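> Show me how the following folds:
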Amino acid sequence: MMPAHEEQRVFSRMRLDTKVILATTRERVEGTCRNLSAEGVLMEVAAGQCEQGQEWRLVLPSADSGVEPLIATASVIRVDAGETTDMVALVLSDVH
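As a prediction, the model looks like this:
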């Protein structure tokens, strides 16, 4: 049996506090990446910016100019609405 304090997810998460951009041909949303795993991102955005089911192009800029940004297709799977900000869970595909 796995102890309760250990991560029980298939992919562990890396905590971050960095800018992330979501974009389509018509919209652009900037937010803060709170954690990242091999399959997804949890980000904080201004309230009302994202809806479950939306598909975006995600760009996570690198802090090092010698390292390319992470670019992926991101689909919104959950939005936890708050008063001023929402927590948005996205599943990643086509990661570059």
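
> Is the residue nearest the centre of the chain bridged to anything, and to what?
The centroid of the chain falls nearest to V41 when counting by C-alpha atoms, centre = their mean (2.9 Å). Beta bridges link V41 to L36, L90, judged by DSSP bridges.

> For the protein, which segments count as strands?
Using DSSP state E, the strands of the chain run over 14-23, 28-36, 40-46, 55-60, 70-80, 85-93.

> OK, contacts around the residue nearest to the centre of the chain?
Neighbour list for V41: 20, 33, 35, 58, 60, 74, 89-90, 92 [criterion: C-beta atoms under 8 Å, 6 or more residues apart in numbering]. Just so you know, the C-beta spots here come from the backbone N, C-alpha and C atoms, and that holds for glycine as well.

> rerun at 10 Å
Residues near V41 by C-beta atoms under 10 Å, 6 or more residues apart in numbering: 13, 16, 20, 22, 31, 33-35, 58, 60, 70, 72, 74, 88-92.

> Repeat that for V29.
Residues in contact with V29, defined by C-beta under 10 Å, 6+ apart, are 20-23, 43, 45-46, 49-50, 54, 56, 88.

> at 8 Å instead, please
21-23, 45-46, 49-50, 56.

> hmm, which of those are the buried ones?
Neighbour counting with 16 or more other C-beta atoms under 10 Å marks 21-22, 45, 49-50, 56 as buried within the contacts of V29.

> farthest-separated two in these?
Maximum pairwise distance in the buried ones among the contacts of V29, criterion C-beta to C-beta, is 12.5 Å, between I21 and C50.

> So, low pLDDT: which residues of this protein?
Low-confidence segments of the chain, defined by pLDDT under 70: 1-11.

> again, only this time at 50
Scanning the chain for pLDDT under 50 picks out the ranges 1-2, 5.

> ok so, going back, tell me the one of the buried ones among the contacts of V29 nearest T84?
Closest to T84, out of all of the buried ones among the contacts of V29 and judged by C-beta to C-beta, is V45, at 10.4 Å.

> Now that closest one: closest residue in space, sequence neighbours ignored.
Using C-beta to C-beta, 6 or more residues apart in numbering and skipping residues adjacent in sequence, the residue nearest V45 is G31, 3.6 Å away.
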